[in-house]
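>>> My questions concern the predicted model and sequence given below.
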Amino acid sequence: MKILIYGVTDAGYMAARFLSDKHDVSVLAENKQLPERFANLDVNFISGSGTDLTALEQANAAAMDLFVACSAVDEANIVACWTIKRIVDIETTCFVRTMELYQNLHLAGPQSRYRTAYDIDTVIWPEQLLTQDIFRIVSVPDAVDVKYFDRGNVKLFEYRIKEGSEILNRRIMDCTFPKQTLIVGITRENDLFIPQGSTVIELNDKVVFMGTGSALDLLTARFFKAEDAIKEVVVIGGGSVGFLLAQQLEAANLHVTIIEHDYERCTFLADKLKKSLVLHGDGTDLDLLENAGIAHADTTICVTDNDEKNLLCSLMTKQLSPCRIIARVGNANTAPLFDRVGIDVVVSPLRAALKDLLNRIQSREIDILALIEGGQGEVVKLTVPEDFQEQRVADLRFGARAIIGVVQRGWQIIVPHGETVIKAGDQLKIFTMASDVEAIGKMFGG
């Protein structure tokens with residue numbers, strides 16, 4: 001596929017890095033040359049603006065299959081998507097940073113009377129996707145990642161193994177988990193791999209479980225149950241993520257304290273939030289943190305738009321409270337540092353957005369449901385073709401690293417074992433390494 005990316009922002013770099021290995025990627029930006037971090041990527045570069053017809057023609061826009069607008073200016077991204085459609089009827093993806101633009105662009109939905117030939121096909125607001133991820137994690141105490149599929153009938157939970165865990169230093173085959181539950185992945189020292197039955201679970205491993213919703217809930221109750229239910233949450237940063245998150249936490253009947261340094265933003269938050277306590281000040285102020293009751297909080301969420309500040313706020317919170325800490329990181333390269341210094345959960349708006357972007361590019365037979373560990377692993381969904389010959393799971397030869405986590409057959413949800421027979425028409429949810437997605441698709445005719 002030929003892909004044109006407009007913008008050399010963090011989102012532009014993320015898109016180029018993940019796509020350039022398998023696709024013909026060109027980057028368009030106002031810069032005279034590509035920033036240094038793009039140097040190791042196999043991409044073409046065109047200097048110019050995505051809002052300029054001449055620059056788009058120089059970028060050979062007419063030959064492109066997908067246009068991704070992710071410059072630092074939302075309005076430029078929107079106009080660029082409209083402009084390129086004057087040249088070619090191309091699929092467009094537009095990144096935006098504000099709630100107002102996101103909502104306005106969605107007025108032109110498939111059923112809307114406002115829809116025109118120049119509408120943007122996909123609008124991505126990373127902060128909204130990030131908020132959803134954080135809320136799911138908060139709702140499952142002790143989890144470092146949570147994904148829901150099929151309206152919660154299928155779930156994925158990721159837990160860090162701590163001292164005293166019942167499964168620490170045990171082989172997977174020797175552990176007794178609830179039926180309809182599988183371990184599909186383990187992250188050890190920032191490297192994700194698919195384990196075998198003989199794999200020993202070690203201290204600080206992050207173990208990925210997948211199964212039916214009820215089975216995962218039983219797993220949590222037995223092995224990872226928090227001592228007390230979450231009641232008090234402190235949110236540091238009152239931007240879009242902090243505001244949306246506070247609204248959802250309020251709806252879940254949690255007591256929320258939100259700390260924001262900008263006075264005018266505090267006024268907005270106080271007007272819009274019904275129950276949350278809004279404090280004006282800096283999240284790095286020890287006295288303010290103590291007065292905010294950080295010592296009694298169950299969870300602290302650092303979601304300012306500055307990575308260094310989020311890290312500092314997280315480290316200071318660790319000195320004052322034993323609570324679980326969730327921190328936002330914008331630069332994917334610094335995420336391992338957060339993990340290394342003991343931050344419980346690290347989340348990224350760009351990682352949240354990447355899944356939506358990749359789904360625009362994958363073949364129609366494969367859907368990406370979730371990205372694991374910054375895109376090292378993926379949960380993909382595919383339907384077994386009608387000409388597939390029935391086989392037991394034990395007899396399947398993937399030729400790649402993968403585990404079938406769930407088989408959906410009509411209304412029936414099956415967490416398979418070796419004797420489970422895969423049939424034509426089955427819908428599979430497969431956990432695999434990102435580099436092996438294409439091989440999995442080919443095996444099932446995708």
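Alright, I've got the coordinates.

>>> Where does residue 318 fall, secondary structure wise?
Assigned by DSSP states H and E, residue 318 belongs to helix 307-320.

>>> any idea of the angle whatever helix or strand comes next after that helix forms with helix 307-320?
Under the assignment DSSP H and E, the closest C-terminal helix or strand after helix 307-320 is strand 324-328. Taking axes from the mean of the first three to the mean of the last three C-alpha atoms, to 10 degrees, strand 324-328 and helix 307-320 form an angle of 170 degrees between their directions.

>>> tell me which strands and helices whichever helix or strand comes after strand 324-328 is in contact with?
Toward the C-terminus, strand 324-328 is succeeded by helix 335-340 as the next helix or strand (DSSP H and E). On a contact count with 3 or more C-beta pairs under 8 Å, 6 or more residues apart in numbering; DSSP states H and E, helix 335-340 meets helix 307-320, strand 345-347. Where you see a C-beta, it was placed from the backbone N, CA and C, and this is true even at glycine.

>>> Does anything pack onto the first one? Which helices or strands?
Of the remaining helices and strands, those touching helix 307-320 by 3+ C-beta pairs under 8 Å, 6+ apart are strand 232-236, helix 286-291, strand 299-302, strand 324-328, helix 335-340.

>>> how about a cut-off of 6 Å?
strand 299-302, strand 324-328 (3 or more C-beta pairs under 6 Å, 6 or more residues apart in numbering; DSSP states H and E).

>>> how about these in CSV, adding mean pLDDT and distance to residue 437?
Compiled in CSV, these are given as follows (pLDDT from 0 to 100; distance: least, C-beta to C-beta, whole Å):
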stretch, mean pLDDT, distance to residue 437
strand 299-302, 96, 31
strand 324-328, 95, 27
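
>>> any idea which of the ones you listed is most buried?
A comparison of the helices and strands packed on helix 307-320 by mean neighbour count, using mean count of other C-beta atoms under 10 Å, puts strand 299-302 on top with a mean of 28.

>>> can the helices and strands packed on helix 307-320 go into a markdown table with extra columns for distance to residue 433?
Converted to a markdown table, those look like this (distance: least, C-beta to C-beta, whole Å):
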| stretch | distance to residue 433 |
| --- | --- |
| strand 299-302 | 30 |
| strand 324-328 | 26 |
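
>>> Next, the distance between the ends of stretch 64-73.
One end of stretch 64-73 sits 22 Å from the other (C-alpha to C-alpha, to the nearest Å).

>>> For residue 268, see how far away the nearest residue to residue 279 once chain neighbours are set aside is.
Spatial nearest neighbour of residue 279, chain neighbours left out: residue 259 (4.9 Å); criterion: C-beta to C-beta, 6 or more residues apart in numbering. Going from residue 259 to residue 268 by C-beta to C-beta, to the nearest Å gives 14 Å.

>>> Show me the one of the helices and strands packed on helix 335-340 that comes nearest residue 327.
The closest of the helices and strands packed on helix 335-340 to residue 327 is helix 307-320. By C-beta to C-beta, the value is 4.7 Å.

>>> Tell me the buried residues in that closest one?
Buried residues in helix 307-320, defined by neighbour count with 16 or more other C-beta atoms under 10 Å: 307, 309, 310, 311, 313, 314, 315, 316, 317, 318.

>>> Also stretch 140-157?
Counting neighbours by 16+ other C-beta under 10 Å, stretch 140-157 gives 140-150, 154-157 as buried.

>>> Looking at the residues you listed, which gets the smallest pLDDT?
Ranked by pLDDT, those bottom out at residue 141 (82).

>>> Look up how far residue 102 lies from it.
30 Å.

>>> now residue 325
In terms of C-beta to C-beta, residue 325 sits 28 Å off from residue 102.

>>> swap in residue 31?
Distance from residue 31 to residue 102, by C-beta to C-beta: 27 Å.

>>> Compare those two (neighbour count), which wins?
residue 102 (18 against 14; other C-beta atoms under 10 Å).

>>> Spell out which helix or strand contains the more buried one, please.
helix 99-105.

>>> can I get the CA coordinates of that helix in PDB?
The C-alpha coordinates for helix 99-105 follow below in PDB (Å, rounded to 0.1, in the frame of the first residue of the first chain):
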ATOM      1  CA  MET A  99     -13.100  17.800  21.800                       C
ATOM      2  CA  GLU A 100     -14.900  20.500  19.800                       C
ATOM      3  CA  LEU A 101     -13.300  19.600  16.400                       C
ATOM      4  CA  TYR A 102     -13.700  15.900  17.100                       C
ATOM      5  CA  GLN A 103     -17.400  16.300  17.800                       C
ATOM      6  CA  ASN A 104     -18.000  18.600  14.800                       C
ATOM      7  CA  LEU A 105     -16.300  16.300  12.400                       C
END
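
>>> residues making contact with it?
Outside of helix 99-105, the residues within contact range by C-beta atoms under 6 Å, 6 or more residues apart in numbering are 74, 96, 123, 125.

>>> the domain parsing of the chain - what is it?
As given by automatic domain parsing, the domain ranges for the chain are 2-124, 150-223, 232-352, 362-443.

>>> Can I get those in CSV including distance to residue 134?
As requested, those are exported to CSV (distance: least, C-beta to C-beta, whole Å):
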stretch, distance to residue 134
domain 2-124, 16
domain 150-223, 14
domain 232-352, 6
domain 362-443, 15
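
>>> who has more neighbours, residue 259 and residue 268?
Between residue 259 and residue 268, counted using other C-beta under 10 Å, the more crowded position is residue 259 (28 against 15).

>>> Wait, a helix at that one?
No. Residue 259 is assigned strand when assessed by DSSP: H, G, I helix; E, B strand; the rest coil, not a helix.

>>> ok, now how distant is it from residue 155?
32 Å.

>>> Which residue lies nearest the spatial centre of the protein?
residue 352 (2.9 Å; C-alpha atoms, centre = their mean).
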